[in-house]
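**Q** sequence unavailable; structure follows:
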């Protein structure tokens, strides 16, 4: 016990004797942490809360026919039993897919803000671009990269960058979907989120509309070769339900995902947490300074 007290006293005397070193190193790390925290651009998060759209109105009639004519519909390439849950899961996979996001980036001309922006100027409400990557005056990509990359970033590169800005959380029990986009500009984050939801619903509705139309075309084509009246009745019922489905698709802009809480322009930054960065930097500096002092003491013994 006495040895432990002696060792602790010696340790304390050593640290106290080298307090200038400890304070200096800690101060250097604190100042460095402050500069690092201030150098990090503000990131804002726009969020939207969605819920799966009930498809009872659009597929109820088809689902009712599925038990009777499911085999025939399958031969015709018609899907009679697609439920809301399956469509929601499909939509969430599509929104994360490379092809969808690449088309989204190209459609809305997002290559420059995704790949060349460094931060947002709040006073002028403008994005600040990296002059070493993009020549804004001449609208030309000038980044220095090695082959096979080119000065102009590919959609694949933009897709990977955009994927890091996109966050999706699906709570099946509550039937709610939260989608976040983090970006330098709060207004742009909100705008991208609105475009993303609108484009996803449009993509899904177009896909189902074309599928229903193809089914109707097939059924109409097959009707001419049917000799049995009972089979004609079946085909007409299928055509009727697919036609109703097409009409409902056309009048539902929020086809798969319905907005509960629309995205707003965030007023507070999401990150960085500058206070936490400074605190951690100071703690790290203090720990490192103590280790340095103890190592010097050990080498001198």
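**A** Arrived safely. Because the structure is a prediction, the values reported are computed rather than measured.
**Q** helices of the stretch 101-250 of the chain, start to end?
**A** Remark: helices assigned in the stretch 101-250 of the chain by DSSP state H, counting those that start in this stretch are 111-115, 155-163, 186-223, 229-250.
**Q** is it possible to get TSV of those that adds distance to residue 147, mean pLDDT and mean neighbour count?
**A** C-betas here are computed from N, CA, C, even on glycine. What follows is the helices of the stretch 101-250 of the chain, written out as TSV (distance: least, Cβ to Cβ, whole Å; pLDDT from 0 to 100; neighbours: other Cβ atoms under 10 Å):
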stretch	distance to residue 147	mean pLDDT	mean neighbour count
helix 111-115	18	96	19
helix 155-163	14	96	16
helix 186-223	31	89	18
helix 229-250	46	77	16
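**Q** check contacts around residue 199.
**A** Neighbouring residues of residue 199 by Cβ atoms under 8 Å, 6 or more residues apart in numbering: 100, 104, 107.
**Q** now, which of those sits nearest residue 264?
**A** For the contacts of residue 199, the residue nearest residue 264 by Cβ to Cβ is residue 104; the value is 21.0 Å.
**Q** contact partners for the closest one?
**A** Residue 104 sits next to 110, 195-196, 199 when contact means Cβ under 8 Å, 6+ apart.
**Q** list the ones among the contacts of residue 199 that fall in strands.
**A** Among the contacts of residue 199, no member falls in strands (DSSP state E).
**Q** and of the residues you listed, the nearest to residue 184?
**A** residue 104 (18.6 Å).
**Q** in this structure, which helix or strand is least confident?
**A** Across the helices and strands of the chain, mean confidence by mean pLDDT, DSSP states H and E is lowest for helix 56-75: a mean of 49.
**Q** I'd like the next helix or strand past that one.
**A** For helix 56-75, the following helix or strand on the C-terminal side (DSSP states H and E) is helix 84-96.
**Q** can I assume residue 115 is in contact with residue 155?
**A** No. Residue 115 is beyond contact range of residue 155, at 10.2 Å (criterion: Cβ atoms under 8 Å).
**Q** quick check: the gap between residue 268 and residue 134.
**A** Distance, residue 268 to residue 134, by Cβ to Cβ, to the nearest Å: 29 Å.
**Q** the two - which one has more neighbours?
**A** Using other Cβ atoms under 10 Å, the more surrounded residue of residue 268 and residue 134 is residue 134, with 22 against 8.
**Q** beta partners of the more buried one?
**A** Judged by DSSP bridges, the bridge partners of residue 134 are residue 141.
**Q** for it, what are its contacts?
**A** Contacts for residue 134 (Cβ under 8 Å, 6+ apart) come out as 112, 115-116, 140-143.
**Q** could you export those as TSV, including distance to residue 89?
**A** Below are the contacts of residue 134 laid out as TSV (distance: Cβ to Cβ, whole Å):
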residue	distance to residue 89
112	33
115	31
116	35
140	42
141	38
142	43
143	38
